[in-house]
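> sequence-free structure coming up:
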């Protein structure tokens, strides 16, 4: 015995009402015709791009002794660089590049505004 789609919707509405929830209205279906290209837009960086940024950050940390900067900037995510948002990750990379320039040019990290006070 098969239950019709209309009956399923009716039962779902009754259950939602009994639980004090409002049933969601179905969204309008999207029609895609043959040959029509629908671009897929993903928000944020893809995994491969993030891996490249991770590698650059880690390379800079190794080559210029900048691991302290990674620890400082990832303290809010318990030191796990992979937990940074895309914006935070790109900000960290930019700071690492600036810190590299400071190391090469002999500018102090404090002077460049890279060192901040750690609050526990």
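Nice, thanks for sending it over. This structure is a prediction, so every number in the text was calculated from the model and none was measured. Numbers count the residues shown, from 1 in each chain.

> use CA for all of it now, contacts and neighbours both
Will do.

> which of the residues in the helix or strand of the chain with the lowest mean pLDDT are buried?
Here the helix or strand of the chain ranked lowest by mean pLDDT, DSSP states H and E is helix 5-18, holding a mean of 81. Within helix 5-18, the residues that count as buried by 16 or more other C-alpha atoms under 10 Å are residue 13.

> same thing with stretch 103-120?
109, 114.

> So what's the gap between the least confident helix or strand of the chain and the chain middle?
Centroid displacement of helix 5-18 relative to its chain, using C-alpha atoms, centre = their mean, to the nearest Å, is 37 Å.

> now swap in stretch 109-118 and tell me
25 Å.

> Show residues contacting that stretch.
Where contact means C-alpha atoms under 8 Å, 6 or more residues apart in numbering, the residues beyond stretch 109-118 that reach it are 69, 72, 95, 99, 102.

> 10 Å instead?
Applying C-alpha atoms under 10 Å, 6 or more residues apart in numbering, the contact partners of stretch 109-118 are 68-69, 72-73, 75, 95-96, 98-100, 102-103, 108.

> how long is it from one end to the other?
15 Å (C-alpha to C-alpha, to the nearest Å).

> I'd like the mean pLDDT over that stretch, please.
Averaged over stretch 109-118, pLDDT sits at 91.

> Ok, stretch 46-62 next?
The pLDDT scores in stretch 46-62 average 95.

> Check the offset of it from the chain's centre.
Taking C-alpha atoms, centre = their mean, one finds stretch 46-62 lying 14 Å from the centre of the chain it belongs to.

> Look up how far residue 46 lies from the residue positioned nearest the centre of the chain.
In the chain, the residue lying closest to the centroid (C-alpha atoms, centre = their mean) is residue 85, at 3.6 Å. Plainly put, residue 85 is 12 Å away from residue 46 if you go by C-alpha to C-alpha.

> Repeat that for residue 81.
From residue 81 to residue 46 the distance is 16 Å (C-alpha to C-alpha).

> In terms of neighbours, single out the busier of the two.
More crowded of residue 81 and residue 46, by other C-alpha atoms under 10 Å: residue 81, with 19 against 10.

> Now for the closest residue to that one other than its chain neighbours: which residues touch it?
Closest residue to residue 81 apart from its sequence neighbours, by C-alpha to C-alpha, 6 or more residues apart in numbering: residue 74 at 6.1 Å. If you count contacts by C-alpha under 10 Å, 6+ apart, residue 74 has them with 68, 80-84, 88-89, 92.

> Sweet, I'm off.
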